[in-house]
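Novice: below are the sequence and a predicted model for it; my questions follow.
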Amino acid sequence: LIIIFCLIHPNKATMKVLLLFIAISSSLLCAAVSAFATNHSRRHRQLSLSSVFGSDGAAKKESASSMMMTSSLADEYAIRTQSDRPNELCWDFIPINNFAEKQNNAGVGTLALKALDSCGHHMAQQERDTMITHSLQCEWSKSSANVWSINVGRTTKETDDGNDFPRELDCVLSRIMVQYALSKITTTNPDSEEEAQKGDGTILLHVTLPLPEGLGCQQISLSHENYDDCVRHLFTPLNSEYAQMELVDMVNNNGDVLGLLPRPYVHTFNILHRGIGMIVTNKSIFDTNSNNTGGKSSTPDVYVHQRTSTKRVFPSLYDMFVGGVSTSGEDATWTAAREVAEELGLKRALRVLEQGGGNTSLDNPLSNELFQCTICTSYNRCVVSMFAYTCDTSSETIKWQEEEVAWGGWVPYDVVEVAGKLSIDRLKEKGVWPGTGEDDSEDERVMKDESEAEMKELKSKYNIDEQQEQPWESWDFVPDGLLVWVAWLKWVEGNADIL
């Protein structure tokens, strides 16, 4: 209206009013644009941290209530993670062997899973408190404008066996706890955000935490763009070489991220982490077309491979799955597509994802995530996301690395079932099966003589000579793969339209 009035009545006075109006409007517009840009920049800076912990500072997919008490595994301990107060986090450690008397003939994996479950949920507080042998406490407070202090302390109870809590494990896990404190400081304290906006967007942190000898203080300048660098900086005093290696996620019993750490520590201390498993077949597992006898059409063949004799872990053993560890922040679907491309040279799923297609794309041979299971052995503890890959043998060729794989081939699904049963039986006979020791479920109740007779029938069915160069009945599979196989069979049993 002001502009229209000035144009209708043009004179010096109205021109001055018009110029003043334009100046004020321009100032307001610039202020609005600046505010939008600042807010957008702040959200962008939070991207790296939020991709790990979520915008509320809690681990991804995790509600505030579930963060109050969860559990995880590291070394010989189950860990209860608890946050009762806004600026405090406590991790209590219970030796896994304390749960041995609660399980009959439990393998090392079943025992670890029992400890994980009990620490997180199904255990009386008083009983749990009496079993704690070690604790780490992390506290954080504001020292001054945009400067925070984070302190990690340790408490150890004397034990009857006189074993000390591993000092290096203290050092590693305390740095996971610090990351939780960082997430809370940077995402749930509006004062810090406002002060960061006024300054250069950096929060200064004074961190006191365990070192191989005594306590040490690290000073960290944290901005949201360099979160991975911040994590590496935390681990550098422990091992500068490890600190520059691939980062992976330590997770809790729900599969939620607790923090990042260099991959070698996952193997050194058998820390619970994320990974994938994948069955590769030559026809879809979801094909339920009936045959002439009224039943389902023939089941697919499964790609089975044998590890080379030079492999450091499980040389010459067989595996019916492709598997791998997810890097920090990597979606499980991408892990699956990457691993099958690296291990077997099947790159169709990876190309679909790189071109913007998802799991629902008709061109994608990779399924959606089918289910999750947690497997534990004496060397590997992993929350596994399971997938299926349908290989088009008319257009795809499997190519594996000679230093990794000694042999690979398509094997009938029912043969893999029986060969897996016999392999589990042999591990049970040797007393090294990491799963349940007793034959107390349909999936695990395997009578060796019946399985061997079944295998003979299968050899006759598929016209296999008894002098087979690689007899199916003697195949020994990787134990953690067998644990996933047991979970797979249970999942198939619960889905009538599968296989």
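Specialist: Looks like it arrived, so ask away.

Novice: every contact and neighbour count from this point should use C-alpha atoms.
Specialist: Noted.

Novice: and the closest residue to C376 other than its chain neighbours, what element?
Specialist: Leaving aside its sequence neighbours, C376 sits nearest to G109 (C-alpha to C-alpha, 6 or more residues apart in numbering; 4.3 Å). Using DSSP states H and E, the element containing G109 is helix 108-120.

Novice: which secondary structure elements does that helix contact?
Specialist: Judged by 3 or more C-alpha pairs under 8 Å, 6 or more residues apart in numbering; DSSP states H and E, the packing partners of helix 108-120 are strand 69-74, strand 77-82, strand 371-376.

Novice: please produce JSON lines containing those, extended by mean pLDDT.
Specialist: Below are the helices and strands packed on helix 108-120 laid out as JSON lines (pLDDT from 0 to 100):
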{"stretch": "strand 69-74", "mean pLDDT": "93"}
{"stretch": "strand 77-82", "mean pLDDT": "94"}
{"stretch": "strand 371-376", "mean pLDDT": "96"}
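
Novice: quick one: closest of those strands to P212.
Specialist: strand 69-74 (17.8 Å; C-alpha to C-alpha).

Novice: how far does the closest one sit from the chain's center?
Specialist: 14 Å (C-alpha atoms, centre = their mean, to the nearest Å).

Novice: repeat that for stretch 69-83.
Specialist: Worked out by C-alpha atoms, centre = their mean, stretch 69-83 lies 15 Å from the chain centre.

Novice: now swap in stretch 368-388 and tell me
Specialist: With C-alpha atoms, centre = their mean as the basis, stretch 368-388 stands 9 Å off its chain's centre.

Novice: gap between the two ends of it?
Specialist: 8 Å (C-alpha to C-alpha, to the nearest Å).

Novice: V248 is in contact with S326, isn't it?
Specialist: Yes: if you go by C-alpha atoms under 8 Å, V248 and S326 touch, sitting 6.7 Å apart.

Novice: shared neighbours, those two?
Specialist: R274 (C-alpha atoms under 8 Å, 6 or more residues apart in numbering).

Novice: and stretch 227-241, which residues are buried?
Specialist: Residues of stretch 227-241 classed as buried by neighbour count (16 or more other C-alpha atoms under 10 Å): 227-228, 230-235, 238.

Novice: for it, output the C-alpha coordinates as PDB.
Specialist: Output in PDB follows, covering the C-alpha atoms of stretch 227-241 (Å, rounded to 0.1, in the frame of the first residue of the first chain):
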ATOM      1  CA  TYR A 227      33.000 -36.200  14.500                       C
ATOM      2  CA  ASP A 228      34.900 -39.100  13.100                       C
ATOM      3  CA  ASP A 229      38.100 -37.200  13.600                       C
ATOM      4  CA  CYS A 230      37.100 -36.500  17.200                       C
ATOM      5  CA  VAL A 231      36.600 -40.300  17.700                       C
ATOM      6  CA  ARG A 232      40.000 -41.000  16.200                       C
ATOM      7  CA  HIS A 233      41.500 -38.300  18.400                       C
ATOM      8  CA  LEU A 234      40.100 -40.100  21.500                       C
ATOM      9  CA  PHE A 235      41.700 -43.400  20.600                       C
ATOM     10  CA  THR A 236      45.100 -42.000  19.400                       C
ATOM     11  CA  PRO A 237      46.800 -42.100  22.800                       C
ATOM     12  CA  LEU A 238      46.000 -45.900  23.000                       C
ATOM     13  CA  ASN A 239      47.200 -46.900  19.600                       C
ATOM     14  CA  SER A 240      47.800 -44.300  16.900                       C
ATOM     15  CA  GLU A 241      47.800 -46.900  14.100                       C
END
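
Novice: residues contacting that stretch, please?
Specialist: By C-alpha under 8 Å, 6+ apart, stretch 227-241 touches 48-49, 171-172, 175, 179, 211-212, 218, 220-222, 242-244, 260-262.

Novice: in strands only, show me the residues you listed.
Specialist: Among the contacts of stretch 227-241, the members found in strands (DSSP state E) are 218, 220-222, 260-262.

Novice: selecting buried members of those in PyMOL, what would you type?
Specialist: This is the PyMOL syntax for the buried subset of the ones in strands among the contacts of stretch 227-241, where burial follows 16+ other C-alpha under 10 Å:
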select buried, resi 220+222+260+261+262
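
Novice: report the two of the ones in strands among the contacts of stretch 227-241 separated the most.
Specialist: Taking C-alpha to C-alpha, the two most distant members of these are S221 and P262; they sit 20.2 Å apart.

Novice: may I have the helix or strand encompassing E342 exported as PDB, CA atoms only?
Specialist: Using DSSP H and E, the element containing E342 is helix 332-344. Coordinates of each C-alpha in helix 332-344 appear next as PDB, following Å, rounded to 0.1, in the frame of the first residue of the first chain:
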ATOM      1  CA  ALA A 332      22.900 -52.900   6.600                       C
ATOM      2  CA  THR A 333      21.500 -53.000   3.000                       C
ATOM      3  CA  TRP A 334      24.600 -51.300   1.700                       C
ATOM      4  CA  THR A 335      26.800 -53.600   3.800                       C
ATOM      5  CA  ALA A 336      25.100 -56.600   2.200                       C
ATOM      6  CA  ALA A 337      25.500 -55.300  -1.400                       C
ATOM      7  CA  ARG A 338      29.100 -54.400  -0.700                       C
ATOM      8  CA  GLU A 339      30.000 -57.700   0.800                       C
ATOM      9  CA  VAL A 340      28.500 -59.900  -1.900                       C
ATOM     10  CA  ALA A 341      30.300 -57.800  -4.500                       C
ATOM     11  CA  GLU A 342      33.600 -58.100  -2.800                       C
ATOM     12  CA  GLU A 343      33.400 -61.800  -1.800                       C
ATOM     13  CA  LEU A 344      31.700 -63.300  -4.900                       C
END
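
Novice: let me see the mean pLDDT of it.
Specialist: Throughout helix 332-344, pLDDT has a mean value of 95.

Novice: by contact count, what packs against the helix or strand just after it?
Specialist: Toward the C-terminus, helix 332-344 is succeeded by helix 348-354 as the next helix or strand (DSSP H and E). Here helix 348-354 touches helix 332-344, going by 3+ C-alpha pairs under 8 Å, 6+ apart.

Novice: for the helix it packs on, buried residues please.
Specialist: Quick answer for helix 332-344 (16+ other C-alpha under 10 Å): 332-341, 343-344.

Novice: quick one: residues in contact with it.
Specialist: 275-278, 322-327, 346-347, 349-350, 353, 359, 366, 368-369, 385, 387, 398-401.

Novice: what's next to the host helix or strand of I276, contact-wise?
Specialist: I276 is part of strand 273-281 when elements are defined by DSSP H and E. Under the contact criterion C-alpha under 8 Å, 6+ apart, strand 273-281 has outside partners 248-251, 255, 266, 300-303, 320-326, 332, 335-336, 381-391, 484.

Novice: and the angle from the helix or strand following that strand to helix 332-344?
Specialist: From strand 273-281 onward toward the C-terminus, using DSSP H and E, the following helix or strand is strand 301-307. Per axes from the mean of the first three to the mean of the last three C-alpha atoms, to 10 degrees, the angle that strand 301-307 makes with helix 332-344 is 60 degrees.
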